[in-house]
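*Asks:* 3D, please:
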Amino acid sequence: MTLRCFFAPETGGHDPQLFLLRGALGANQERPGRADLLLAGLAKAGLGTDTPDACPDAALTAVHTERYVAFLARAHDAWSQLSDAGPEVVANVHPCGPVRRYPGGIVGQAGWHMADTACPIGPGTWTAARRAADTAWAAAEVVARRGGTAYALCRPPGHHAMADMAGGHCFLNNAAIAAQHLRTTHRRVAILDIDVHHGNGTQGIFWQRGDVLTISVHAEPTAFYPFFCGYSDETGTGPGAGANLNLPLPRDSGNMPWLTAIETALARIVAWAPGALVLSLGLDAHEADPLRGLSVSTAAFGDAARLIARANLPTAIVQEGGYLSQHLSANLCAFIIAWQSA
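*Replies:* Next up, the predicted model:
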């Protein structure tokens, strides 16, 4: 069966310019060219894409707060009305301390809802984030109704987006939206995140839930984004106790530790017996990715695909990271070809 793939061209309207790294301004790596490289990778694998329909608004507020979704929808318009504002919404103040009150103005609201400077909101950001969510929901809909596998080329990515906060290039949590939709047809759903960065937003959204197992394989976060979580002792709380597993790896550890961690994750998933899987497919673990963290080879992405596909679960593959590198197309192509041949 041909792998059904979805992509929304409107996501190209999100073209962030600002990126602040260690106090220095630089080029933002989450640019529209990422989608072109990923589309080229699909084409090399012999696949095209379908344009997704809009998902229900309720699909967003099932995992995000209504206030946050409303903020994303109007943030740039409100920001543009400031007399001295820059071209993108960028938070310059954040709440701290035990007493906090939601602010009435856009500058304070940006600080409330934006975790860092890697998620500037431009004129096309809301439409792009909304259409990326549509893309993930469409892939989940195929899996929910027909089984098998579907791929969502989501841009911007989503796994750092929390219930009420953007961060790390992410605005709406596409994987969480897909998993929540799969819950309409499956009692249990698992999310496996193999992006080089910990899926902190996904973990947070399902932290107190026992119906969605969240597992993240990522670079050890002591000195790597997202810094403040992603450690192995984080296992969930309340009804979600035991339903979160983090498998952090040393920086530049290479292929075998990464693949071994994925095998460990899959053993946990199989034992948990979900009805469906959401795979947060980050390609930024690659050795040439500009946000380098784990030094994984292109061939290893094919190895990972075979391992995960052999779990034989209905799977929605949701694109996460993998930034502006000439190897991005080859990495996706290797993964997709291996998945289809597994």
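*Asks:* so is Ala261 in a helix, a strand, or just coil?
*Replies:* helix (DSSP: H, G, I helix; E, B strand; the rest coil).
*Asks:* so who does Gln326 touch?
*Replies:* Contact analysis of Gln326 by C-beta atoms under 8 Å, 6 or more residues apart in numbering lists Ala288. Every residue, glycine included, has its C-beta placed from N, CA and C.
*Asks:* what do you get for Gly86?
*Replies:* Leu18.
*Asks:* Tell me how far it lies from His76.
*Replies:* From Gly86 across to His76, the span is 11 Å (C-beta to C-beta, to the nearest Å).
*Asks:* just Ile336 next, same as before
*Replies:* From Ile336 across to His76, the span is 34 Å (C-beta to C-beta).
*Asks:* who's more crowded, these two?
*Replies:* It is Ile336, of Ile336 and His76, that has more neighbours when counted by other C-beta atoms under 10 Å, with 25 against 20.
*Asks:* these two touch, right, that one and Leu42?
*Replies:* Yes - with contact defined as C-beta atoms under 8 Å, Ile336 counts as touching Leu42 (6.7 Å).
*Asks:* Now do the shared contacts for these two.
*Replies:* Tyr151.
*Asks:* Give me the sheet partners of the longest strand belonging to the chain and which way each runs.
*Replies:* The longest strand of the chain (DSSP state E) is strand 212-219. Taking DSSP bridges as the criterion, strand 212-219 forms sheet pairs with strand 189-193 (parallel), strand 244-249 (parallel).
*Asks:* where do the strands sit along the stretch 201-342 of the chain?
*Replies:* Remark: strands assigned in the stretch 201-342 of the chain by DSSP state E, counting those that start in this stretch are 212-219, 244-249, 276-281, 315-319.
*Asks:* For the ones you listed, give me a markdown table that also has mean pLDDT, distance to Gly147 and mean neighbour count.
*Replies:* Putting the strands of the stretch 201-342 of the chain into a markdown table (pLDDT from 0 to 100; distance: least, C-beta to C-beta, whole Å; neighbours: other C-beta atoms under 10 Å) gives the following:
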| stretch | mean pLDDT | distance to Gly147 | mean neighbour count |
| --- | --- | --- | --- |
| strand 212-219 | 98 | 19 | 28 |
| strand 244-249 | 98 | 25 | 22 |
| strand 276-281 | 98 | 8 | 28 |
| strand 315-319 | 98 | 9 | 29 |
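*Asks:* Out of these, the one nearest Thr125 is which?
*Replies:* For Thr125, the closest of these is strand 315-319, at 17.3 Å, according to C-beta to C-beta.
*Asks:* thinking again about what came up before, between the strands paired with strand 212-219, which one is nearest to Tyr102?
*Replies:* By C-beta to C-beta (comparing all of the strands paired with strand 212-219), the closest turns out to be strand 244-249, at 28.1 Å.
*Asks:* any low-confidence regions in the protein?
*Replies:* Across the chain, residues meeting the criterion (pLDDT under 70) sit at 1.
*Asks:* where exactly do the helices run in it?
*Replies:* Remark: helices assigned in the chain by DSSP state H are 33-44, 57-61, 66-80, 106-113, 125-146, 174-182, 200-205, 255-272, 298-309, 328-341.
*Asks:* any idea which of the ones you listed is most buried?
*Replies:* Comparing the helices of the chain by mean neighbour count (mean count of other C-beta atoms under 10 Å), helix 174-182 ranks first with a mean of 31.
*Asks:* Report all helices and strands that that helix contacts.
*Replies:* Where contact means 3 or more C-beta pairs under 8 Å, 6 or more residues apart in numbering; DSSP states H and E, helix 174-182 is packed against helix 57-61, helix 125-146, strand 189-193, helix 200-205, strand 276-281, strand 315-319.
*Asks:* Reformat these into TSV and put distance to Gly97 next to each item.
*Replies:* Formatted as TSV, those follow (distance: least, C-beta to C-beta, whole Å):
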stretch	distance to Gly97
helix 57-61	28
helix 125-146	29
strand 189-193	32
helix 200-205	21
strand 276-281	33
strand 315-319	36
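*Asks:* and Cys72, what does it touch?
*Replies:* No, residue 72 isn't Cys; it's Leu. The contact partners of Leu72, taken as C-beta under 8 Å, 6+ apart, are 113, 121, 125-126, 129, 166, 171-172.
*Asks:* next one: Met162
*Replies:* Contacts of Met162 were listed using C-beta under 8 Å, 6+ apart, and they are 115, 173, 200-201, 204-205.
*Asks:* Kindly report the same for Gly12.
*Replies:* Residues near Gly12 by C-beta under 8 Å, 6+ apart: 32, 35, 124, 128.
*Asks:* now swap in Asp284 and tell me
*Replies:* For Asp284, the contacting residues are 195-197, 291-293, 320-323, by C-beta under 8 Å, 6+ apart.
*Asks:* Which one of the residues you listed is nearest to Leu60?
*Replies:* Within the contacts of Asp284, proximity to Leu60 (C-beta to C-beta) peaks at Glu320, which comes in at 18.0 Å.
*Asks:* does the closest one really touch Val196, like I thought?
*Replies:* No - using C-beta under 8 Å, Glu320 is not in contact with Val196, being 9.2 Å away.
*Asks:* Identify the contacts common to those two.
*Replies:* 282, 284.
*Asks:* about what we covered before: what would the strands paired with strand 212-219 look like in TSV with distance to Ser216?
*Replies:* Shown next, in TSV, are the strands paired with strand 212-219 (distance: least, C-beta to C-beta, whole Å):
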stretch	distance to Ser216
strand 189-193	4
strand 244-249	5
